[in-house]
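Engineer: Okay, predicted coordinates and the sequence, questions at the end:
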Amino acid sequence: AQSVTQLDSHVSVSEGTPVLLRCNYSSSYSPSLFWYVQHPNKGLQLLLKYTSAATLVKGINGFEAEFKKSETSFHLTKPSAHMSDAAEYFCVVSDTGGATNKLIFGTGTLLAVQP
Amino acid sequence: GAVVSQHPSWVICKSGTSVKIECRSLDFQATTMFWYRQFPKQSLMLMATSNEGSKATYEQGVEKDKFLINHASLTLSTLTVTSAHPEDSSFYICSARSGLAGGIRSLTDTQYFGPGTRLTVL
């Protein structure tokens, strides 16, 4: 069965400093991995996705993530945080071996950006 | 880009009544739509998967007679919460995935999420 573990429920950074949101996955198949962001009272927006192509994936708004099979990790990073990055971030795994490609969500990491 | 809408964005109803939530894919055809619920400060939990023209597949623990799902067209799925109770109060989110391309399912299919519907049952 597929699962994801987001290691930090809350992360706080200062504006202009790097962001690291950690995610580890478990999958029986070659996984597709995603990061979604959810701003308060808004829907989820796809930041980036990994689907067995390049292991370093670049997304929107300056975010990127690196797929490391040996570490079963897919951590999300950004060199310099902006106030508008404050939101909830979800690491998600999809079962690409199944017929429905269900998404399994992590528990989320709330990112706070201090001025 | 792909846009998914939900209506209503919020609804308040009395206990025992039924509420219908609509999910529409605005600029693409969605052969598969998914319904999730999200409790405060928690993650999204998949409730059911619905394929156009067929019965929805419910996740374990989700009552199919309470959460009625209809996916009658390639751009519309509805979730009806029947005989709603306060414990059904939650944030309901749908997502839609585009269909097959040339008969081959792309492994990079992405789910596009609606903005969610906040249901409060008094």
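Structural biologist: Cool, got the structure. Residues are numbered from 1 along each chain as shown, chains lettered A, B, ... in the order given.
Engineer: Please count neighbours and contacts with C-alpha atoms only from this point.
Structural biologist: Will do.
Engineer: and the helix or strand hosting residue B:112 with chain A, contact?
Structural biologist: Using DSSP states H and E, residue B:112 falls within strand B:111-113. Yes - if you take C-alpha under 8 Å from any C-alpha of the partner chain as the test, strand B:111-113 does meet chain A, through B:112, B:113.
Engineer: Tell me which other helices or strands that strand touches.
Structural biologist: Using 3 or more C-alpha pairs under 8 Å, 6 or more residues apart in numbering or on different chains; DSSP states H and E as the contact test, the elements touching strand B:111-113 are strand A:44-50, strand B:90-98.
Engineer: Each with direction, which strands does the following helix or strand past that strand pair with?
Structural biologist: Reading on from strand B:111-113 to the C-terminus, the next helix or strand found by DSSP H and E is strand B:117-121. Sheet partners assigned to strand B:117-121 using DSSP bridges are listed as strand B:10-13 (parallel), strand B:90-98 (antiparallel).
Engineer: Against which helices or strands is the worst-scoring helix or strand of chain A on mean pLDDT packed?
Structural biologist: The helix or strand of chain A with the poorest confidence is strand A:103-105; it has a mean of 89 (mean pLDDT, DSSP states H and E). Contact analysis of strand A:103-105 by 3+ C-alpha pairs under 8 Å, 6+ apart lists strand A:3-6, strand A:87-94, strand B:44-51 as its packing neighbours.
Engineer: list the contacts for the closest residue to chain A within chain B?
Structural biologist: In chain B, the residue that lies nearest chain A is residue B:115 (3.6 Å; C-alpha to the nearest C-alpha). Residues in contact with residue B:115 (C-alpha atoms under 8 Å, 6 or more residues apart in numbering or on different chains) are A:41, A:42, A:43, A:44, B:4, B:5, B:6, B:9, B:93.
Engineer: Could you measure from it over to residue A:51?
Structural biologist: Distance of residue B:115 to residue A:51, computed by C-alpha to C-alpha, to the nearest Å: 25 Å.
Engineer: Just give the number of residues close to residue 31.
Structural biologist: All of this is about chain A. Using other C-alpha atoms under 10 Å in any protein chain shown, residue A:31 has 19 other residues around it.
Engineer: please go with chain B instead
Structural biologist: Using other C-alpha under 10 Å, residue B:31 has 19 other residues around it.
Engineer: Contact partners for it?
Structural biologist: Counted by C-alpha under 8 Å, 6+ apart, residue B:31 has contacts B:51, B:52, B:74, B:96, B:97, B:98, B:99.
Engineer: Residue A:48 - nearest residue in space that isn't next to it in sequence?
Structural biologist: Excluding the flanking residues, the one nearest residue A:48 by C-alpha to C-alpha, 6 or more residues apart in numbering or on different chains is residue A:59, at 4.5 Å.
Engineer: tell me the phi and psi of residue A:84?
Structural biologist: Per-residue torsions, residue A:84: phi -70, psi -10 (degrees, to the nearest 10).
Engineer: so what pLDDT did it get?
Structural biologist: pLDDT, residue A:84: 95.
Engineer: which element is the most centrally placed residue in chain A on?
Structural biologist: Taking C-alpha atoms, centre = their mean, the centroid of chain A lies closest to residue A:35, which sits 3.2 Å from it. According to DSSP H and E, residue A:35 maps onto strand A:32-38.
Engineer: Up against chain A, what does chain B have?
Structural biologist: B:42-46, B:49, B:93, B:107-108, B:112-116.
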